[in-house]
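Engineer: 3D model of this:
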Amino acid sequence: MILASEEISTPANITMSRLIALSKKSRGLSLKSGLIGALQAGDYQSAFKGRGMEYDESRLYQPGDDIRNIDWRVTARTGKVHTKLFREERERPVHLWLDFRAPMFFATRGKFKAVIAAELASLFAWTAQRQGDRVGGIVFSDTVHHELKPQRGKSAVLRFIKQMVEHPSWQQSENNDENQQGLLHSLINLRRLVKPGSMVILLSDFRGLDEDCRSHLIRMRQHNEVIMVHVYDWLEEFLPPAGNYRITNGKQELEFDTYNQNFIDIHTNKFNTHKELLIKTARSCHMNYLRCRTEDDPEKVIKEGLRSR
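Structural biologist: Prediction:
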């Protein structure tokens, strides 16, 4: 089996060079948005005023405003005293929450879900770094949990990429059983790590998401901007035409047939129910919800998905 640390890029692994190269593609992306529900709005529309910073707009003078910021031109034109407002550039923590549990190491088309998630995380990280934000987060699996506190600069992105590439999950063992509690425990740790005013980007297939998980997501959204990116494979949504099929991860094989309409209905309903739960969760508290198949272009998914923010 090819290890992730080797500089050989395949649809089933990631490399440092491949994820670093995505910095160029991130130049066409943006994470900037309006005010978010937090004590600090982050880098973008600041409630503070200052001198020598980028001019934003003018509004009517209010008691307590610094008279040095009076907009004399607008005041003369309107006959009413106006004050200049400025943008204050302030770094914002961006937390990437990356799922490397066993089901993420699967694909029938394109690349492993884990590979797509890592590429998405890299694009988000490079974009945040370019905008002056701090980058950190959590990379977790069924048994391993790594936290990286947000830091500024290119070194922070490289540190996160290194954590993804060297994660033990790429060296799959014979007994790599799925731990359904891993999702909940990781979300609990994420809430502890995230400070108000942060951006949180969730990259997962969200397998095992239950009401306890949803509760943590909803609470986290109260003081942060949250982006959910649902990564999935075509086979999880649709089944192929009637026939006998065999899939393998290189160690284990699974056979199934699609002659049974009842089996097809159960499979389809299970995915649709899961998808609707994610959409409901996102809509209920105004999270951004993006979907990315294993054969999709991560850059295009981000660009189109965040266009309406």
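
Engineer: just the helices in the stretch 101-250 of the chain please.
Structural biologist: Under the criterion DSSP state H, counting those that start in this stretch, the stretch 101-250 of the chain contains helices at 113-130, 154-165, 181-193, 211-221, 234-237.

Engineer: buried residues in the third one?
Structural biologist: For helix 181-193, burial by neighbour count (16 or more other CB atoms under 10 Å) applies to Gly182, Leu183, Leu184, Ser186, Leu187, Asn189, Leu190, Leu193. Using the backbone N, CA and C atoms, a C-beta is placed for each residue, glycine as well.

Engineer: For Gly305, find the nearest of the helices of the stretch 101-250 of the chain.
Structural biologist: Nearest of the helices of the stretch 101-250 of the chain to Gly305, taken as CB to CB: helix 113-130 at 10.2 Å.

Engineer: Determine which residue lies closest to the centroid of this structure.
Structural biologist: Nearest to the mean C-alpha position of the chain, counting by CA atoms, centre = their mean, stands Ile201 at 2.7 Å.

Engineer: For that residue, which residues are in contact?
Structural biologist: Counting by CB atoms under 8 Å, 6 or more residues apart in numbering, Ile201 touches Val94, His95, Leu96, Trp97, Ala121, Phe124, Gly137, Val226, Ile227, Val229.

Engineer: domain assignment for the chain?
Structural biologist: Domains of the chain are assigned by automatic domain parsing as 16-36+91-305, 54-87.

Engineer: Comparing the ones you listed by mean pLDDT, which bottoms out?
Structural biologist: When the domains of the chain are compared by mean pLDDT, domain 54-87 comes last with a mean of 86.

Engineer: Return the set of buried residues in that domain.
Structural biologist: Going by neighbour count (16+ other CB under 10 Å), the buried part of domain 54-87 is 58, 61, 65, 69-71, 74-75, 82-87.

Engineer: ok, now which residue in this protein is the farthest from the centroid?
Structural biologist: The chain, CA atoms, centre = their mean, max distance from centroid: Gly79 (48.2 Å).

Engineer: His18: neighbour count?
Structural biologist: Actually, residue 18 is Arg. It isn't His. Residues contacting Arg18 under the criterion other CB atoms under 10 Å number 19.

Engineer: Whichever helix or strand it is part of to helix 113-130, inter-axis angle?
Structural biologist: Per DSSP states H and E, Arg18 falls inside helix 16-25. Using axes from the mean of the first three to the mean of the last three CA atoms, to 10 degrees, the inter-axis angle of helix 16-25 relative to helix 113-130 is 50 degrees.

Engineer: Thanks a lot, see you next time.
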